[in-house]
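Visitor: Quick one, what's the 3D model for this:
(one chain, ligands or ions: 3)
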Amino acid sequence: MRDFEVVTVSGEEETKIQYEYMKKAREIVAKKEAELGRNLTYCVHTFGCQMNARDSEKLVGILEQVGYVEGEDEHSDFVIYNTCTVRENANNKVYGRLGYLSNYKKKNPVMKIALCGCMMQENVVVEKIKKSYRCVDLIFGTHNIYKFAELLCRTLESDSMIIDIWKDTDKIVEDLPIKRKFSFKSGVNIMFGCNNFCSYCIVPYVRGRERSREPKDIIREIEGLVADGVCEIMLLGQNVNSYGKNLENPISFAELLCAVNEIEGLKRIRFMTSHPKDLSDDLIAAIRDCDKVCHHMHLPLQSGSSRVLQVMNRHYDKEHYLKLVDKLRAEIPDIAITTDIIVGFPGETEEDFEETMDVVSRVRYDSAFTFIYSKRTGTPAASMEEQIPEDVVKERFDRLLKLVQEISSDKAMQLEGRIMPVLVEEMNEQDASLVTGRLDNNSVVHFPGTQDLIGTICQVKLKECKGFYYLGEIVES
Ligand code: SAH
Ligand code: SF4
Ligand code: F3S
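Guide: Ligands and ions are numbered 1, 2, ... in the order given. This next block holds a predicted model:
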């Protein structure tokens, strides 16, 4: 693994260099297409979080720029897996699918296979691929994704496996091509990396230190997106509440939200993820006062036990968390609160788990992602004694899931009969007479409608709550 890049050039110069590589790759692709008498196809498959989803849009942007067309599935000429390593099963999925890919490659001699993303930042993974998955042509990591055009050129010109992984970077490269998955909504990175080192979590090791983008670059990107038809954006970062602290001219996340709220034509602003330790009163006020900011807060709890939270290195306790929820609800009564919870952290006792159940009962989350603790080699929690036996964890997990589901369907019921704004996102996959959209609080609504409604906000009567979604009827568009 390289410690850092070898030659240091500025972000702007790097953008130019990468466009040169795109030009070169386009020539290689055109030549191959002429030889084959058909287009070359690509398939980018994304594992993991919104951050990875946004990265994949950057990969697709470059692939299309150099002439590849979207393939139907992994029987394509260039297949990339953008991987996640937050839990063990994320890794296993990738190994499983690589088995299939090697068979596809035997039937398609021009096929190239690339792996990138968080999993590739782990030495053991790269070693395993080198040894057991020789079908892979290119491996790169999270820090040099902006060099994809260059790596693509090298891969197209070579028959041996190319591996380029860096330990970290301090560079942010702007203005490379991006192809959005949705026409009307988009993720926008506001920062990269994480400095928090929660004791169970691998992310700071594979995503590097926290780096914030300049507000002017963020605003310019969003203005461009709006001009291109986007009406909803999701500001992305592992801990958006610490945005801007390390910039030359520091700015808070609350200030950034207010600036983004001023952008004309933008309709909805979402953000992910807020760390409870950094959730300020200013931010709560900004959510309350900025009309475009959705009344939805994803506030990961992880555990309700103050003792466990301390060992997790989360820097807040149960009381502080509950106080934050009270404050949020006092200022923004209709705010939807969602969370992440880990069950079976090393040393978690029945009493600790009861504390988690207690917080869930008190907060009454609109929805919650529940995870079974997964041991990540290299994190402090992996070497802690008292890993919890599988059967105990499973039993707790089932109890938690039941409670979470009861509460969220109860909460969803409360909106039945109301008329609420819905941003229409797509045609319904099962029933062509319906469109599917989301409420401000992120819940899904299906209602009769046509293609032209996509990207618009309609007033919809929520006629029937079906547990996790609603069936509705348009009142006005
Ligand atoms: N930065 C975000 C979370 C990123 S990871 C935050 O701090 O909120 C998304 C979620 O995965 C985490 O909130 C956590 O609940 C879960 N997670 C992370 N590491 C895990 C592990 N080792 N085992 C199980 N779940 C984990
Ligand atoms: Fe992981 Fe904690 Fe950073 Fe979130 S804040 S990415 S859970 S280390
Ligand atoms: Fe996974 Fe990396 Fe996101 S480990 S959760 S894809 S930051």
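
Visitor: All the helices of this protein, in order from the start?
Guide: 11-36, 50-65, 88-107, 123-132, 148-157, 203-207, 215-227, 253-261, 281-289, 306-311, 318-331, 350-363, 390-413 (DSSP state H).

Visitor: and these as TSV, adding mean neighbour count and mean pLDDT?
Guide: For glycine as for every other residue, the C-beta is placed from the backbone atoms N, C-alpha and C. Formatted as TSV, those follow (neighbours: other CB atoms under 10 Å; pLDDT from 0 to 100):
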stretch	mean neighbour count	mean pLDDT
helix 11-36	15	94
helix 50-65	21	95
helix 88-107	14	91
helix 123-132	14	94
helix 148-157	21	95
helix 203-207	21	95
helix 215-227	16	96
helix 253-261	20	97
helix 281-289	17	97
helix 306-311	19	98
helix 318-331	16	98
helix 350-363	17	98
helix 390-413	15	96
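
Visitor: wait, which of those helices is closest to ligand 1?
Guide: Within the helices of the chain, the stretch nearest ligand 1 is helix 203-207; the backing value is 5.7 Å (CB to the nearest ligand atom).

Visitor: How about the contacts made by the spatially closest residue to Q18 that is not a sequence neighbour?
Guide: Among residues not flanking Q18 along the chain, A149 sits closest, at 4.6 Å (CB to CB, 6 or more residues apart in numbering). A149 is in contact with Q18, Y19, Y21, M22, A25, I62, Q65, V66, L176, counting by CB atoms under 8 Å, 6 or more residues apart in numbering.

Visitor: again with E214
Guide: For E214, the contacting residues are L247, by CB under 8 Å, 6+ apart.

Visitor: can you give me phi and psi for it?
Guide: Backbone torsions of E214, given as degrees, to the nearest 10, read phi -70, psi 140.

Visitor: rewinding a little: so of the contacts of A149, which two are at opposite extremes in space?
Guide: For these, the maximum inter-member distance is 13.2 Å, found between A25 and L176 (CB to CB).

Visitor: Quick check: S408 touching V363?
Guide: No - the criterion here is CB atoms under 8 Å, and S408 misses it with V363 at 11.4 Å.

Visitor: for ligand 1, what are the nearby residues on the stretch 351-477 of the chain?
Guide: Residues of the stretch 351-477 of the chain found near ligand 1 (CB under 6 Å from any ligand atom) are F371, Y373, S374, R376.

Visitor: Please report how far the residue nearest to the first one when sequence neighbours are not counted lies from P276.
Guide: Leaving out its chain neighbours, the residue that sits closest to F371 by CB to CB, 6+ apart is I342, at 5.2 Å. Relative to P276, I342 is positioned 14 Å away (criterion: CB to CB, to the nearest Å).

Visitor: ok, those two, which is more surrounded?
Guide: I342 (25 against 21; other CB atoms under 10 Å).

Visitor: Tell me which residues touch the more buried one, please.
Guide: With CB under 8 Å, 6+ apart, I342 has these contacts: Y200, Q302, S303, M312, F371, I372, Y373.

Visitor: and if you look at I129?
Guide: Taking CB under 8 Å, 6+ apart, we find I129 in contact with L98, L115, V136, I139.

Visitor: if we can go back for a sec, of the contacts of I342, keep whichever come out buried.
Guide: Buried positions within the contacts of I342, assessed by neighbour count (16 or more other CB atoms under 10 Å), are Y200, Q302, S303, M312, I372, Y373.

Visitor: and which of those residues is nearest ligand 3?
Guide: Y200 (12.3 Å).

Visitor: can I assume the closest one is in contact with I372?
Guide: No - with contact defined as CB under 8 Å, Y200 does not reach I372; the gap is 11.4 Å.

Visitor: contacting residues for the residue positioned nearest the centre of the chain?
Guide: Central residue of the chain (CA atoms, centre = their mean): Q50, 1.3 Å from the mean position. Neighbouring residues of Q50 by CB under 8 Å, 6+ apart: G187, M234, L236, M272.

Visitor: Okay, and which of those map to strands?
Guide: Secondary structure defined by DSSP state E assigns G187, M234, L236, M272 of the contacts of Q50 to strands.
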